[in-house]
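In: 3D model of this:
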Amino acid sequence: SHHGWFAAVAVLTLTLGITGTSSVSSVMNGAMLRPIAGSNVGDLVILEPRRNQERFLLFNPEFEALRERQRSLSGMFAVAEQPFLNVEFPGETPSYVHASLVSGAYFEVLGITPAAGRLLTPSDDALGGADTPCVAVISDTLWTRRFARNQGALGSVLRLRDRDCAIVGVAPASFAGHQAGSIPELWLPLRNVSERRLLDSQTMAFYAGVIGRLNPGVTREQAETELTTLYRQIQALEPPLPATMRQPPKPSELSMALLPGAAGLGGLRRQFGDALTMMLGAVTLVLLIAAINVANLQLARGAARRPELATRLALGASRWRLMRQLGTEGAVIAAAGGTSGVILAAFLVPRLASLVFGSRVSLNVSVDLRVLLLASATTVLTALVVGVIPAVRLSAPRSSQSLALGDRSRAWAASQRLMRTLVVAQFALWL
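Out: Here you go, the predicted structure:
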């Protein structure tokens, strides 16, 4: 009966600790680490302009000049987000749709193939005008909701920004866009539907970000060197602004950093990365404290099992056998806590994501292989604390001799010393 209560309390304590670490790591995985859909996403890079090593803005004329002159990337695209674009569907009243305005090479660079029809191409991304054809790609979700997955959706005309845009294709259901938490329903060619004053401006930046794909054999460092050189040359060629306006940076102040792009643009990483890292650190400390508490319970329970352990030693049990038994008991408790923690985290993670990001962010926070591996590693480390440490202490030669000789006070004093050490460590972690 006492053993059952001890096991239940220990498993519950570890379950709560591992639930916390698994939940926060799952949210971090979905927001910062999970790769976007695409082909060979490890070759993708984010182009981040910097001024004196601080994040800076990239204007459309500079982007277009870089795209034409660079040779390190097989392709690159810019993105401008329109979370509430007013769109009129055939036979319906206008409604708001989350749209992304993208360069024509967007789908090609990401390596996406269509579910129906075709996707945008560079030829679709011509400067817009009254007589310039406009095309659009819709998401699988929008295709299902608005057109019941009817192939007749291809060729349908949408009315937006006083333009008619024909639907030419449907993105695959597996494609959730270029950034975690932001799932577009409509993709439009950037230059075709953007205002000319924005495209020509050297003072108004409207990009959410720029992504490129490295050419085979080109390293990120080599591409950074080339793009930084070109970026400075392009800036040096810009005509001076009127004296009354804020002057542009000096070319020597500028650089172009290339960041890993497998997880897409890093809007959520920049906004929530520090907070999530702090949360993960906090719940990890809670788990460590929980493991120390369980280890203390193991030591106290070991002291109460003195007669049993003494009998086993008297019957010829070796220290290794005794340590293996005690360690196995701790490992079983840790495994039960780890399994329960991951199962509970699977239910709590969507609620935690909603609490952190709000209802507007659509994020895939399911428990995947990366989270399971982290939970497994956490469980193993927890097993070392709650199983191995007490097992080594209780099976130590001096403790074993004391147990065998019936010297309870000496064995109890030895256990008390380790328990006090663990309590001090616990208080240190809290502080």
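In: which stretches of the stretch 101-250 of the chain form helices?
Out: 106-110, 140-147, 190-193, 196-200, 220-236 (DSSP state H, counting those that start in this stretch).
In: Present these as TSV; the columns should include distance to Ala37, mean pLDDT and mean neighbour count.
Out: Every C-beta, even on glycine, is put in place using the N, C-alpha and C of the backbone. Formatted as TSV, the helices of the stretch 101-250 of the chain follow (distance: least, C-beta to C-beta, whole Å; pLDDT from 0 to 100; neighbours: other C-beta atoms under 10 Å):
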stretch	distance to Ala37	mean pLDDT	mean neighbour count
helix 106-110	8	96	23
helix 140-147	11	93	18
helix 190-193	21	91	22
helix 196-200	29	88	13
helix 220-236	22	95	17
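In: Output these as a markdown table; include the columns distance to Pro260.
Out: As requested, those are exported to a markdown table (distance: least, C-beta to C-beta, whole Å):
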| stretch | distance to Pro260 |
| --- | --- |
| helix 106-110 | 15 |
| helix 140-147 | 27 |
| helix 190-193 | 24 |
| helix 196-200 | 29 |
| helix 220-236 | 8 |
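In: For Arg163, find the nearest of those.
Out: helix 190-193 (6.4 Å; C-beta to C-beta).
In: name the helices or strands packed onto that closest one?
Out: strand 73-87, strand 95-102 (3 or more C-beta pairs under 8 Å, 6 or more residues apart in numbering; DSSP states H and E).
In: want to try TSV for those strands, with distance to Ser340 and mean neighbour count as columns?
Out: Converted to TSV, the helices and strands packed on helix 190-193 look like this (distance: least, C-beta to C-beta, whole Å; neighbours: other C-beta atoms under 10 Å):
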stretch	distance to Ser340	mean neighbour count
strand 73-87	39	19
strand 95-102	38	20
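In: what's the closest non-adjacent residue to Leu227?
Out: Met256 (4.0 Å; C-beta to C-beta, 6 or more residues apart in numbering).
In: measure Arg67 to Thr328 for me?
Out: For Arg67, the distance to Thr328 equals 62 Å [C-beta to C-beta, to the nearest Å].
In: again with Ala173
Out: In terms of C-beta to C-beta, Ala173 sits 46 Å off from Thr328.
In: Which helix or strand contains the residue nearest to Leu227?
Out: Per DSSP states H and E: Met256 is located in strand 254-260.
In: Extract the C-alpha set from that strand and format it as CSV.
Out: Output of strand 254-260 as CSV, limited to C-alpha atoms (Å, rounded to 0.1, in the frame of the first residue of the first chain):
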residue,chain,number,x,y,z
LEU,A,254,25.6,48.0,-44.9
SER,A,255,25.9,44.3,-45.1
MET,A,256,23.7,41.3,-46.2
ALA,A,257,23.4,38.5,-43.7
LEU,A,258,22.2,35.1,-44.8
LEU,A,259,20.3,33.1,-42.2
PRO,A,260,19.1,29.5,-42.4
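In: What residues of that strand count as buried?
Out: Neighbour-count burial for strand 254-260 flags Leu254, Ser255, Met256, Ala257, Leu258, Leu259 (criterion: 16 or more other C-beta atoms under 10 Å).
In: cool, and stretch 367-376?
Out: Buried, per 16+ other C-beta under 10 Å, within stretch 367-376: Val367, Val371, Leu374, Ala375.
In: who touches Val102 in this structure?
Out: Listed by C-beta atoms under 8 Å, 6 or more residues apart in numbering, the contact partners of Val102 are Phe77, Ala78, Val79, Ala80, Leu120, Trp187, Leu188, Pro189, Leu190.
In: show me the contacts for the residue lying closest to the last one once chain neighbours are set aside.
Out: Residue nearest to Leu190 in three dimensions, not counting chain neighbours: Leu101, with 4.3 Å by C-beta to C-beta, 6+ apart. Under the criterion of C-beta under 8 Å, 6+ apart, the contact list for Leu101 reads Val79, Ala80, Glu81, Gln82, Leu188, Pro189, Leu190, Val193, Ser194.
In: Ala65 too?
Out: Contacts of Ala65 (C-beta under 8 Å, 6+ apart): Leu230, Ile234.
In: now the buried residues of strand 254-260 as CSV including distance to Asn86 and pLDDT?
Out: Shown next, in CSV, are the buried residues of strand 254-260 (distance: C-beta to C-beta, whole Å; pLDDT from 0 to 100):
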residue, distance to Asn86, pLDDT
Leu254, 37, 93
Ser255, 39, 95
Met256, 35, 96
Ala257, 36, 96
Leu258, 36, 96
Leu259, 33, 94
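In: Tell me where the stretch 251-400 of the chain is predicted with low confidence.
Out: By pLDDT under 70, the weakly predicted segments of the stretch 251-400 of the chain are 301-310, 312-313, 317, 319, 359-360, 389-400.
In: one more time with 90
Out: 251, 263-277, 279-335, 337-338, 345-400 (pLDDT under 90).
In: Show me the helices in it, by range?
Out: 267-304, 306-314, 319-357, 369-383, 389-394, 397-404.
In: and the third one, what does it pack onto?
Out: When contacts are defined as 3+ C-beta pairs under 8 Å, 6+ apart, helix 319-357 packs onto helix 2-28, helix 267-304, helix 306-314, helix 369-383, helix 389-394, helix 397-404.
In: make it 7 Å
Out: helix 2-28, helix 267-304, helix 369-383, helix 389-394 (3 or more C-beta pairs under 7 Å, 6 or more residues apart in numbering; DSSP states H and E).
In: for those helices, which one sits closest to Val109?
Out: Nearest of the helices and strands packed on helix 319-357 (C-beta to C-beta): helix 267-304, 18.5 Å.
In: From the chain's centroid, how far away is the closest one?
Out: 20 Å (C-alpha atoms, centre = their mean, to the nearest Å).
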